[in-house]
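**Q** okay, predicted coordinates and the sequence, questions at the end:
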Amino acid sequence: MSAPIVEVSGLNKWFGDAHVLRGLDLTIKEGERVVVLGPSGSGKSTLIRCVNGLEPFQEGAIRVAGADLKGPRAEAETAKRKTGMVFQSFNLFPHLSVLDNCTLAPIQVRKVPRRQAEAEAMTLLERVRIAEHARKYPAQLSGGQQQRAAIARALAMQPQIMLFDEPTSALDPEMVGEVLEVMVELAKAGMTMVVVTHEMGFARQVADRVVFMDEGEIVEAAAPEEFFTNPREARTREFLSKIL
Amino acid sequence: MTAAVRKPPRRSFADWARANLFATRGDTVVSLVLLALIAWGVWAALDWAVLKATWTGEGREACAAGGACWAVVTARWRQVVAGFYPEGHLWRVALAMAFLAVAVSPVVIRKGWSFALAPLGVVAAWAVLGGANLLPRVPTEYWGGVFLNVLIGITGSVFALPLGIALALGRRSNLPVVKWLSVGFIELVRGVPLITLLFMASVVLPLFTPAGLSFDKLVRALIVITLFEAAYMAEAVRGGLQAIPPGQREAARALGLNPWMTTRLIVLPQALRISIPAIVNTFIGLFKDTTLVYVIALLDVTGVMRQALADFAWQGSEAEAYVFVALVFWIACFAMSRWAAALEKRGAAPRPVQEHA
């Protein structure tokens, strides 16, 4: 565990008058795996969307690999480029094949030659075990396959940190396993990950730290062992009693 | 234990007819009456339009057989096709048509570079027709007939589509000036009948332009038609833009694509595919609106036929003249609609072929 890669300090965000993030502080170190838990509407998705630069925020600061998200445009762009995002509903581009989904951004943004981008993408698709579907379109794949393709697409931009926004919530139960498996392998390979999820098994198995959020605040953050067996806060205990 | 895999059972035409036409006594009566009516209608139309028709002649008297008098069309065949374009220069009309075919070829070729062919083809067609200082000049007053409809229709479409896309994007822009200019233009143009705008362009506009500067009246009409259809095109495209889920833009942004790349590579390709029926609908509307050039005293195919009817020799041939004009437009518009259906089929995102692997 080394230098901090994500530093969130004093983060406040409002949707209209609703105060959805209330003074968050969170530091994530390189190689760390953080699982964010919390009831729906607690602001967990909003938090990682802020880290990814998808949501603007009114107060506070977010630095990714030292670059300020609210800094000058070039610096903000650098900060955004360090993070890869996996969405609940995959958001693959339906008009492009799986392979083209994975090569579009490398070719357009990183300016990698097509041949090289395709070779890189095929390696990633093998890693998520859908290389044989590379020429198919998203609509021809199952949900689990689509989500794995989406993970490969995010990895193709060579992010330093991967953000997962409830990656298995939109999947049929029998497909959750194959996606989690890929995520576990990614974690084993040393990728820094922030995962918003309801998969407690995954949290136990993979997380270095579990962060529990409620009503826009971080209520508790602890190692999974301690978090699940000996929660300190009443709100955490209540949440755990409902889901376990 | 597994059940044997079988093909679905076949249904013969007799089965179909029994289920849909002759299921009950009431159904049978209705079906027979309607079939008789259809048969009588088809026969009557065929009898009038083909069997008893007269195809050539110099006047209404030639048509004594009692059927359709197509002579009113064939007697002025050259004007029907090319208006009053000079006799020795008709090859220029043919060449212009070829250039227009090149202009619409991108929908067949469908490669990025081919879209440059559209404006090139149109400009070449106008140059050949007008003379462009290389050939003898033929003023637009002599242009007419079906070829004028096609020329205006294709030229208007080629320019209205990109303009409409720009307006649709402008309408959804975050920049207030761009947004309100687009909204203002679209709403203003859509709120006024095309014929009013054409009158304004031909009568009112020259009052305000400096004496030395005057556009050809056909060019003025064309600009008006293009702008008018662009406003409708913008609304057609906007429907497609609104159907794209916000997740698509978000995913593109998360991958580092800038807004312009996102629009060009992610949003527009999907939105235009969704908009194909609405866009083609606008093309069809535009093609039919080309008859309105009569307000600037140009004779398109409708105008040519109207002029024929004004001729004493052809009095009483209204039915034939207008059926012919309707047929010309119907053939063109039906072709466009079939072409759109093919385009939709080809462009549709592939559906799952079988169960997931």
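**A** Structure received.
**Q** could you use CA atoms for every contact and neighbour count after this?
**A** OK.
**Q** quick check: longest helix of the chain.
**A** The chain I'm using is chain A. With DSSP state H applied, the helix covering the greatest number of residues in chain A is identified as helix A:173-188.
**Q** meant chain B actually
**A** Residue-count comparison of every helix in chain B, with assignments taken from DSSP H, identifies helix B:318-347 as the longest.
**Q** just checking, what packs against that one?
**A** On a contact count with 3 or more Cα pairs under 8 Å, 6 or more residues apart in numbering or on different chains; DSSP states H and E, helix B:318-347 meets helix B:71-74, helix B:268-289, helix B:301-310.
**Q** which parts of that helix are buried?
**A** Within helix B:318-347, the residues that qualify as buried by neighbour count (16 or more other Cα atoms under 10 Å in any protein chain shown) are B:Glu318, B:Glu320, B:Ala321, B:Phe324, B:Val325, B:Phe329, B:Cys333, B:Met336, B:Ser337, B:Ala340, B:Leu343, B:Glu344.
**Q** and stretch A:115-126, by the same measure?
**A** Within stretch A:115-126, the residues that qualify as buried by neighbour count (16+ other Cα under 10 Å) are A:Ala117, A:Glu118, A:Glu120, A:Ala121, A:Met122, A:Leu124, A:Leu125.
**Q** the helices in chain A, which residues?
**A** For chain A, the helices defined by DSSP H cover A:44-51, A:73-81, A:98-108, A:114-127, A:143-155, A:173-188, A:200-206, A:224-229, A:234-243.
**Q** just to revisit the earlier point, export the buried residues of stretch A:115-126 to a markdown table and tack on pLDDT?
**A** Shown next, in a markdown table, are the buried residues of stretch A:115-126 (pLDDT from 0 to 100):
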| residue | pLDDT |
| --- | --- |
| A:Ala117 | 95 |
| A:Glu118 | 96 |
| A:Glu120 | 95 |
| A:Ala121 | 96 |
| A:Met122 | 96 |
| A:Leu124 | 96 |
| A:Leu125 | 96 |
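**Q** only alpha carbons, please: show stretch A:234-244 as CSV.
**A** As requested, the backbone C-alpha atoms of stretch A:234-244 are provided in CSV (Å, rounded to 0.1, in the frame of the first residue of the first chain):
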residue,chain,number,x,y,z
ALA,A,234,-26.0,1.8,15.5
ARG,A,235,-27.0,2.8,12.0
THR,A,236,-24.5,0.2,10.6
ARG,A,237,-25.9,-2.5,12.8
GLU,A,238,-29.5,-1.7,11.7
PHE,A,239,-28.5,-1.9,8.0
LEU,A,240,-26.6,-5.2,8.5
SER,A,241,-29.5,-6.7,10.4
LYS,A,242,-31.8,-6.0,7.4
ILE,A,243,-29.6,-7.5,4.7
LEU,A,244,-27.8,-10.4,6.4
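**Q** residues in contact with it?
**A** Residues outside stretch A:234-244 that contact it (Cα atoms under 8 Å, 6 or more residues apart in numbering or on different chains) are A:Gly38, A:Pro39, A:Phe212, A:Val219, A:Glu220, A:Phe228, A:Pro231.
**Q** next, count neighbours for the last one.
**A** By the measure other Cα atoms under 10 Å in any protein chain shown, the count of residues near A:Pro231 is 18.
**Q** among the helices and strands packed on helix B:318-347, which comes closest to chain A?
**A** Shortest distance between chain A and these, using Cα to the nearest Cα, is found for helix B:268-289: 6.7 Å.
**Q** now that closest one against helix B:318-347, angle please.
**A** Angle of helix B:268-289 versus helix B:318-347, following axes from the mean of the first three to the mean of the last three Cα atoms, to 10 degrees, is 170 degrees.
**Q** ends of stretch A:53-66, how far apart?
**A** Criterion Cα to Cα, to the nearest Å; first-to-last residue distance in stretch A:53-66 is 15 Å.
**Q** before we move on, the earlier item: tell me the most buried of the helices and strands packed on helix B:318-347?
**A** The highest average neighbour count among the helices and strands packed on helix B:318-347, using mean count of other Cα atoms under 10 Å in any protein chain shown, belongs to helix B:71-74 at a mean of 22.
**Q** what mean pLDDT does that one get?
**A** Averaging pLDDT along helix B:71-74 gives 88.
**Q** same check on stretch B:166-186?
**A** Looking at stretch B:166-186 alone, the average pLDDT works out to 94.
**Q** now that stretch, how far from the chain's geometric center?
**A** For stretch B:166-186, the gap between its own C-alpha mean and the chain's C-alpha mean amounts to 26 Å (Cα atoms, centre = their mean, to the nearest Å).
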